[in-house]
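Visitor: Below is the sequence, then the predicted model.
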Amino acid sequence: MDRPVLVLNSNFEPINVCGFERAVGLMVSGKAYLILNGRGMIKTPSAAYPIPSIIRLDHQIIRPRPRVALSRLEVFRRDNWRCQYCGSMFHNMTVDHVLPKHLGGQHTWTNLVTACPACNHRKGGRTLKESGMVLQRIPKEPPSSAAYLFSKFLNDNKEWSGFLEGW
């Protein structure tokens, strides 16, 4: 009953994920329509409502293209939880500034990478050239595609994949 519901715009663009209570409320009020029901029914004394997996809004919502928020967890996710210097995976990864902050480095997608504690300590507050270390990948902002934005929900909701691919 607490599984998330994918919300599609009227043009089938994925725009949000909400709880099933909100989704049923939108459907009952006529603001959204059921696209996929693979979860059964909710029965009340007077009616039965499907538990939605995907709903589509009745009217088009105009909004700017979403961007991935810069956070520690998103840097780890972008780098696939691997150290960008040695390629190892640890449970206690750190975030490293490629150009250290005290040398003018900014807190941006292109200056932050995932690093294991050993590599972060070895690099210290030096530049890549000074430390003699090399990045495995050049850091960049992750894509703001629907597949990336909603990928954390895909393991439990495989039926969403067809609706997320084209966006």
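Guide: Nice, thanks for sending it over. These numbers come from a predicted model, not from an experiment.

Visitor: any low-confidence regions in this structure?
Guide: 1, 166-167 (pLDDT under 70).

Visitor: where do the helices sit along it?
Guide: Taking DSSP state H to define them, one finds helices in the chain at 20-28, 72-78, 117-123, 128-131, 146-149, 161-164.

Visitor: With distance to Ile138 as new columns, can those be given to me in CSV?
Guide: Where C-beta positions appear, they are placed from N, C-alpha and C, glycine not excepted. Conversion of those to CSV gives the following (distance: least, C-beta to C-beta, whole Å):
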stretch, distance to Ile138
helix 20-28, 40
helix 72-78, 12
helix 117-123, 16
helix 128-131, 11
helix 146-149, 18
helix 161-164, 26
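
Visitor: Asp96: which of those is closest?
Guide: The minimum distance between Asp96 and those falls on helix 117-123, with 4.9 Å, by C-beta to C-beta.

Visitor: rewinding a little: nearest to Arg3, of the helices of the chain?
Guide: Nearest to Arg3, of all the helices of the chain, is helix 20-28, at 6.4 Å by C-beta to C-beta.

Visitor: ok, back up a step: using a markdown table, lay out the helices of the chain together with distance to Leu99 and mean neighbour count.
Guide: Listed next are the helices of the chain as a markdown table, based on distance: least, C-beta to C-beta, whole Å; neighbours: other C-beta atoms under 10 Å:
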| stretch | distance to Leu99 | mean neighbour count |
| --- | --- | --- |
| helix 20-28 | 43 | 17 |
| helix 72-78 | 15 | 16 |
| helix 117-123 | 11 | 16 |
| helix 128-131 | 8 | 12 |
| helix 146-149 | 26 | 18 |
| helix 161-164 | 35 | 16 |
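
Visitor: Compare those and report which one is nearest to Pro139.
Guide: helix 72-78 (7.8 Å).

Visitor: domain ranges for the protein?
Guide: Here the domain assignment for the chain is 5-65+144-164, 72-131, based on automatic domain parsing.

Visitor: so which of the helices of the chain comes closest to Ser53?
Guide: With C-beta to C-beta, the closest approach to Ser53 among the helices of the chain belongs to helix 20-28: 8.9 Å.

Visitor: thinking again about what came up before, need the domains of the chain in CSV (columns: distance to Arg137).
Guide: As requested, the domains of the chain are exported to CSV (distance: least, C-beta to C-beta, whole Å):
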stretch, distance to Arg137
domain 5-65+144-164, 16
domain 72-131, 6
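
Visitor: Any figure for the gap between the residue most central in space within the chain and Leu112?
Guide: Nearest to the geometric centre of the chain sits Leu149, at 3.3 Å (C-alpha atoms, centre = their mean). Counting by C-beta to C-beta, to the nearest Å, the gap from Leu149 to Leu112 is 19 Å.
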